[in-house]
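In: Test case, fold it:
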Amino acid sequence: MDRLFLDANVLFSAAYLQVNALQGLWTLANVELISSDVARREAETNLAKKRPARLPNLAVLLQSVAAVPDAPAGAVLPSGMQLPAKDEPIFLACQHAGASHFLTGDAKHFGPYFDQSIGGVLIERPGTYLHRRLSSP
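Out: Below is the predicted model:
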């Protein structure tokens with residue numbers, strides 16, 4: 001079973017439109033959707049600013065996303081990984097929760113790590129993950 005950690009931008013994007021491909025993550029078998037409180041709050045804050053009418057949709061989606069705790073104090077990024085301070089707690093929570101995948105659309109900060117396993121977590125765009133899953137027999 002894949003344990004998918006959803007970054008804030010994935011949660012935001014899935015809720016932003018009434019129907020979009022990202023919502024396919026919620027229909028997959030043998031996956032567990034997880035995210036941290038920090039990522040969940042960031043998605044909610046950004047959606048409230050940009051499209052407040054979609055907040056109820058985010059709330060519905062979050063019912064199927066397990067909240068995982070923050071990483072313990074003193075946790076450090078895997079060797080060779082560099083992230084802005086605001087992204088560190090999200091990736092550390094992902095790693096600490098034992099996620100198999102970190103799904104993000106943040107190419108600016110995570111782009112150099114796309115399609116790589118770092119600290120035991122495969123970092124992918126959600127579309128890449130969905131395409132692979134839906135095209136596998």
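In: Check the gap between residue 89 and residue 16 for me.
Out: 23 Å (CB to CB, to the nearest Å). Backbone N, C-alpha and C define where each C-beta goes, glycine included.
In: tell me the pLDDT at residue 137?
Out: On the pLDDT scale, residue 137 is placed at 68.
In: So what sits opposite residue 121 in the bridge?
Out: With DSSP bridges applied, the residues forming beta bridges to residue 121 are residue 118.
In: which residues touch stretch 20-34?
Out: Among residues not part of stretch 20-34, those counted as contacts by CB atoms under 8 Å, 6 or more residues apart in numbering are 1-6, 10, 13-14, 61, 64-68, 97, 99, 103, 126-127, 129-130, 133-134.
In: Sorry, wrong one. I was asking about stretch 10-17.
Out: By CB under 8 Å, 6+ apart, the residues outside stretch 10-17 that reach it are 6, 20, 22-23, 25-26, 35, 39-40, 42-43, 46-47, 50-51, 54-55, 57-58, 61-62, 65, 103-105, 126.
In: 7 Å instead, please
Out: Surrounding stretch 10-17, the residues in contact under the criterion CB atoms under 7 Å, 6 or more residues apart in numbering are 20, 22-23, 35, 39-40, 43, 46-47, 51, 54, 57-58, 61, 103-105, 126.
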